[in-house]
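Colleague: take a look and give me a structure for this.
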Amino acid sequence: GDYILGGLFWTHYSYNKSSHQCSKLKFGGLYKTMAMIYTIDQINRDPKLLPGINLGYDIRDTCSNVKHTLQQAVSFLPWSEKKNFSLEGYQIVKQHVCNQTVLDQFVANYTKGVLGVVGPGSSAITLPVANMLNIFDVAEISYAATSRLLVNKEEYPNLFRTLPSDYHQAEVISD
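Modeller: Numbers count the residues shown, from 1 in each chain. Coordinates of the predicted model:
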């Protein structure tokens with residue numbers, strides 16, 4: 001796709017630290033993964049929604065484990081080893097290019113990460129992912145994180161949620 005959206009979904013219940021494997025399929029996470037794929041496919045098929053633009057996706061399993069999720073989320077970043085251009089390559093080019101505009105243009109063309117990330121679902125995993133993605137100005141939309149800490153727009157300017165915080169939910173319930 002012209003623009004890639006990242007997805008972080010909890011599709012396995014547990015993470016085995018010694019084998020670095022996720023186990024026991026969680027169908028709810030699989031359904032969310034399938035929903036993201038279906039939605040992107042529908043957007044790409046409709047010529048009126050994003051004319052001339054094709055979306056792609058890179059979806060990863062969180063296994064409900066913070067460390068594993070962060071390892072997966074690193075691949076979304078523009079300087080990831082898995083991209084066409086690495087941080088080491090950037091340093092080499094920087095030594096030989098004096099013009100910052102040329103360097104910025106070069107970097108923009110060869111270091112594309114994801115446009116944004118959908119997920120993860122839990123507040124405990126969303127907090128560290130939001131901190132990491134925020135450094136690189138990558139937008140994140142969490143569909144289930146409800147921690148009151150995530151309300152702070154100065155701390156998390158690139159984080160958006162589809163649910164109100166636990167605090168606001170409790171306020172409404174008590175009224």
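
Colleague: now do the buried residues in stretch 153-168.
Modeller: Using 16 or more other Cβ atoms under 10 Å as the test for burial, stretch 153-168 gives 156, 158-159, 161, 165. C-beta coordinates here come from the backbone N, C-alpha and C atoms, glycine included.

Colleague: which of the residues you listed sit farthest apart?
Modeller: N158 and S165 (17.2 Å; Cβ to Cβ).

Colleague: about what we covered before: could you export the buried residues of stretch 153-168 as a markdown table, including distance to S147, pLDDT and secondary structure?
Modeller: What follows is the buried residues of stretch 153-168, written out as a markdown table (distance: Cβ to Cβ, whole Å; pLDDT from 0 to 100; DSSP: H, G, I helix; E, B strand; the rest coil):
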| residue | distance to S147 | pLDDT | secondary structure |
| --- | --- | --- | --- |
| Y156 | 10 | 93 | coil |
| N158 | 16 | 92 | coil |
| L159 | 11 | 93 | strand |
| R161 | 9 | 86 | strand |
| S165 | 7 | 72 | coil |
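
Colleague: looking at this, I141 is in a helix?
Modeller: No - according to DSSP: H, G, I helix; E, B strand; the rest coil, I141 belongs to no helix; its state is strand.

Colleague: residues near it, how many?
Modeller: 15 (other Cβ atoms under 10 Å).

Colleague: any idea of the pLDDT on it?
Modeller: Looking at I141, its pLDDT is 94.

Colleague: equivalent analysis for L150, please.
Modeller: 85.

Colleague: doesn't T126 make contact with it?
Modeller: Yes - taking Cβ atoms under 8 Å as the definition, L150 is a contact partner of T126 at 6.6 Å.
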